[in-house]
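S.K.: turn this into a structure:
(chains A and B)
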Amino acid sequence: MTIQQDKIEQNRRGRTLSGTTVNKQPGQKPRSRRIGLGEIFPAILGLIWLVFACYPIVYMLFTSLRPQADIYKDIAWSFPSHPTLDNYTTVLSNDFGTYFANTVFVTVLSVLIILAVSLLAAYAISQVRNRFTQSVFNLFLLGLAIPLQATIIPIYAIVSDLHLYDTLFALILPSIAFGIPLSILVLVTYIRDIPNELHESMMLDGAKHFRILCTLVLPLARPAIITVIIYETIQVWNSFLFPLVLTQSQEVQVLPLSLMNFQGQFTTNVPAIMAAVFLSATPIILLYIFGRRQLLGGLVAGFSK
Amino acid sequence: MSASIKTPKSLQRSNRIVLLWTVPALFFYIAFAIIPLFVAVYLSFTQWNGLSPAVWVGLKNWIALFSDAVTGQSLLLTIEEMCICWIVQTPLSILIGVFMAGSQRYRSVLSVLYFLPLLFSAVAIAITWQSLLDPNFGLIDSLLKSIGLSAVAQDWLGNPSLAFYVVLVIISWEFIPFHALLYLGGARQIPKELYEAATIDGGGRIQNFFAITLPQLKYTIITSTTLILTGALTYFDLFWVTTRGGPGYATNVLPLQMYITAFKNEQVGYGSMIAVVLAAFGIVLSFILLRFTGFSKMSSQLEGL
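M.R.: Residues are numbered from 1 along each chain as shown, chains lettered A, B, ... in the order given. The predicted structure is shown next:
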């Protein structure tokens, strides 16, 4: 069985990553080092795009290291003449830690619940195939087309009725609801790939569904689970409309909203605002540095199909 | 063998139990996505200030829509936004995706940097670009002034005839890396033999691009188009942070008009009507586009498993 598992694993790895791996076929001879004549034109366009795509981020970093007094004096596109980390300390001493912790709390709890309930549902939908599970699956798929913006008014009303307005749970509940459809799609597509014989042989051995889920499905569906975790983490971490409508006080502010308020609060202290912008993305930047393939694979999740 | 004769009954029972596993996901999804959608439809027939009980007014909101110049203009602006987003983002994303799919080493190095905009939230991006575009210390105007074009330098987001297009540039900057990622995945899956055969037949680079690459990317183009159009329809964050719909109504797209009507002007019923227009528009659009591929292709794929 382990051989079979390995094989499935290999197949999958090949497929899910094919979109995002950097070409690194072993044994492939390095192409001629010199960039040929026909390559010059695309290379130039590639460099132009590089400047357009990256300079705003470089600018953000440079500005965040610039003393406030220098923003009118320094040349805007150059490295600061007196680099300093003061702006970062300013941001960190302005409750940034609280907002960061709030965002972590909302993201972790939402993603864990999305994953748990989606796994259970995806298992049921892929193991029992009848009209009921098919309609349940279709109902979830419909959710992919519902714009979150269109439901925000009733969500506000429901959250107020539940006396959850201006709490972190007001953000968690709808985030879960809107995370479920894509997670179920990704997980069902994947779990259905697991050969039926493996499942049946465990059933015949008298295994309960829960044991099958834990010992067979969880290990085999790991890549899909990682995809779901990454995709939903980014969605919840960056979400803006829910916090804007469903929270109010500073104690429950999450990062995207706090950035906007920092902007109002610091107005002229642009370097501090840029430092806050950079700090707000640190977890995702770290994820990119240490797991670029998984991150990019997670981003295209169910869409690349 | 004897076991397989015995199982059906116990299997059926345990299968019925496993259907309950869909309940937690259904609960969150129905309570915070499906019900809000229906409540929005109900509210669109009411007049409500958010505090006193909602009053049923029948079709009044819907009739008022036809004489409401501001909302009508928002609708047109949103349609214009969808068209421009598609026209700008699709060709560039295809070019960049195909560029990154090349096997040259320098291209994979560049792709690592191309994806950097994906790491930041819309709010972070909005704030960074606001500062880039600032007329006093921003990068763009400093650059223009230093090369002697101070006549062109201006308050980009404060100019009513430019602000909308400037925001669309920022949106493209934010989303092209994502769509390029989709095309990168699509381009990697095109069999190399196709190009080899064409090259033997004397096809040049550009010829190959139109004869092989573009037709092979057909499904990716449909997927990406669906995401661009539905995304542009609901896009809120960047507009809200950079312009709040202004100057005047210059960037007042439909989701902003909904938010302002419902939460700032406290016309919740009328705002809900706009939300329903948004949702209907979005759902119809996704289904029309998905008819080409999407669900039908996806489920037929699943059935084969």
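S.K.: what about the stretch 51-200 of chain B, any weak spots by pLDDT?
M.R.: Per-residue confidence for the stretch 51-200 of chain B (pLDDT under 70) gives no ranges below the cut-off.
S.K.: cool, chain A as well?
M.R.: For chain A, the stretches with pLDDT under 70 are A:1-37, A:301-305.
S.K.: what about 50?
M.R.: Counting by pLDDT under 50, the low-confidence segments of chain A come to A:1-33.
S.K.: which helix runs longest in it?
M.R.: Ranked by residue count, the top helix of chain A under DSSP state H comes out as helix A:97-127.
S.K.: elements contacting that helix?
M.R.: helix A:131-142, helix A:168-191, helix A:222-238, helix A:255-266, helix B:2-19, helix B:23-29 (3 or more CB pairs under 8 Å, 6 or more residues apart in numbering or on different chains; DSSP states H and E). (C-beta placed from N, C-alpha, C; glycine too.)
S.K.: format these as a markdown table; extra columns: mean neighbour count and distance to B:Leu75.
M.R.: Converted to a markdown table, these look like this (neighbours: other CB atoms under 10 Å in any protein chain shown; distance: least, CB to CB, whole Å):
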| stretch | mean neighbour count | distance to B:Leu75 |
| --- | --- | --- |
| helix A:131-142 | 16 | 24 |
| helix A:168-191 | 24 | 24 |
| helix A:222-238 | 21 | 27 |
| helix A:255-266 | 21 | 26 |
| helix B:2-19 | 12 | 43 |
| helix B:23-29 | 20 | 29 |
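S.K.: tell me which of those lies nearest to B:Gly158.
M.R.: Each of those has some distance to B:Gly158 by CB to CB; the shortest is helix A:255-266, at 16.0 Å.
S.K.: next one: that closest one to chain centre, how far?
M.R.: On the basis of CA atoms, centre = their mean, to the nearest Å, helix A:255-266 sits 22 Å off its chain's mean C-alpha point.
S.K.: next secondary structure after it?
M.R.: helix A:270-280 (DSSP states H and E).
S.K.: buried stuff in the next helix or strand after that following helix?
M.R.: Next along the chain after helix A:270-280, taking DSSP H and E as the criterion, comes helix A:282-290. In terms of neighbour count (16 or more other CB atoms under 10 Å in any protein chain shown), helix A:282-290 has its buried residues at A:283-284, A:287-288.
S.K.: repeat that for stretch B:137-149.
M.R.: With the criterion 16+ other CB under 10 Å, stretch B:137-149 contains buried residues B:137-142, B:144.
S.K.: before we move on, what about stretch A:41-60?
M.R.: When neighbours are counted by 16+ other CB under 10 Å, the buried residues of stretch A:41-60 are found to be A:42-43, A:46, A:49, A:52-53, A:56-57, A:59-60.
S.K.: on that earlier part again, out of the buried residues of stretch B:137-149, who's near chain A?
M.R.: Counting by CB under 8 Å from any CB of the partner chain, the subset of the buried residues of stretch B:137-149 that neighbours chain A consists of B:137-139, B:142.
S.K.: coming back round to it: ok, so of the buried residues of helix A:282-290, who is nearest chain B?
M.R.: Distance from chain B was checked for each of the buried residues of helix A:282-290 by CB to the nearest CB. The minimum falls on A:Ile284, at 4.8 Å.
S.K.: and the most centrally placed residue in chain A, how close does it get to A:His199?
M.R.: Ranked by distance to the mean C-alpha position of chain A (CA atoms, centre = their mean), the top residue is A:Ile234 at 2.4 Å. Distance check for A:Ile234 against A:His199: by CB to CB, to the nearest Å, it reads 32 Å.
S.K.: ok, the residue in chain B that chain A sits nearest to to A:Leu112 distance?
M.R.: Nearest residue of chain B to chain A (CB to the nearest CB) works out as B:Gly185 at 2.7 Å. Relative to A:Leu112, B:Gly185 is positioned 28 Å away (criterion: CB to CB).
S.K.: neighbour count winner among these two?
M.R.: For the pair B:Gly185 and A:Leu112, the greater number of neighbours falls to B:Gly185 (23 against 13), based on other CB atoms under 10 Å in any protein chain shown.
S.K.: re the thing from before, tell me which element the residue of chain B closest to chain A is part of?
M.R.: Going by DSSP H and E, B:Gly185 is in helix B:163-188.
S.K.: can I assume B:Ile171 is in contact with B:Ile228?
M.R.: No: the criterion here is CB atoms under 8 Å, and B:Ile171 misses it with B:Ile228 at 9.9 Å.
S.K.: residues in contact with A:Ile172?
M.R.: Residues counted as contacts of A:Ile172 (CB atoms under 8 Å, 6 or more residues apart in numbering or on different chains) are A:106, A:109-110, A:113.
S.K.: nearest spatial neighbour of it, chain-adjacent residues omitted?
M.R.: Once flanking residues are discounted, A:Ile172 sits nearest to A:Ser110: 5.1 Å by CB to CB, 6 or more residues apart in numbering or on different chains.
S.K.: OK, contacts around the one you found?
M.R.: Here A:Ser110 is in contact with A:171-172, A:175-176, A:179, A:232, A:236 (criterion: CB under 8 Å, 6+ apart).
S.K.: of those, which is the nearest to chain B?
M.R.: Using CB to the nearest CB, A:Ile176 comes nearest to chain B of those, at 4.7 Å.
S.K.: show me where the stretch 201-305 of chain B has helices.
M.R.: Read by DSSP state H, counting those that start in this stretch, the stretch 201-305 of chain B holds these helices, from start to end of the chain: B:205-208, B:214-216, B:218-234, B:237-242, B:254-259, B:268-292, B:294-303.
S.K.: for the ones you listed, which one ends up most surrounded?
M.R.: Stretch with highest mean neighbour count among the helices of the stretch 201-305 of chain B: helix B:254-259 (a mean of 26; mean count of other CB atoms under 10 Å in any protein chain shown).
S.K.: which other residues reach it?
M.R.: For helix B:254-259, using CB under 8 Å, 6+ apart, the contacting residues are A:149, A:152-153, A:245, B:70-71, B:74-75, B:77-78, B:233-236, B:239-240, B:244-245, B:271, B:274-275, B:277-278.
S.K.: one more time with 7 Å, if that's ok
M.R.: Surrounding helix B:254-259, the residues in contact under the criterion CB atoms under 7 Å, 6 or more residues apart in numbering or on different chains are A:149, B:70-71, B:74-75, B:78, B:234-236, B:239-240, B:245, B:271, B:274-275, B:278.
S.K.: residue ranges in the stretch 201-305 of chain B under the pLDDT threshold?
M.R.: In the stretch 201-305 of chain B (pLDDT under 50), the answer is B:295-305.
S.K.: chain A contacts on that one?
M.R.: If contacts are counted using CB under 7 Å from any CB of the partner chain, the residues of the stretch 201-305 of chain B sitting beside chain A are B:205, B:223, B:227, B:234, B:236-237, B:241, B:255, B:258, B:262-263, B:268, B:271-272, B:275-276, B:278-279, B:282-283, B:286-287, B:295, B:298, B:302, B:305.
S.K.: so who does B:Phe27 touch?
M.R.: With contacts defined as CB under 7 Å, 6+ apart, B:Phe27 is in contact with no residue.
S.K.: and the pLDDT at it?
M.R.: Per-residue pLDDT puts B:Phe27 at 94.
S.K.: endpoint to endpoint, stretch B:54-72 covers what distance?
M.R.: Start-to-end span of stretch B:54-72 (CA to CA, to the nearest Å) is 25 Å.
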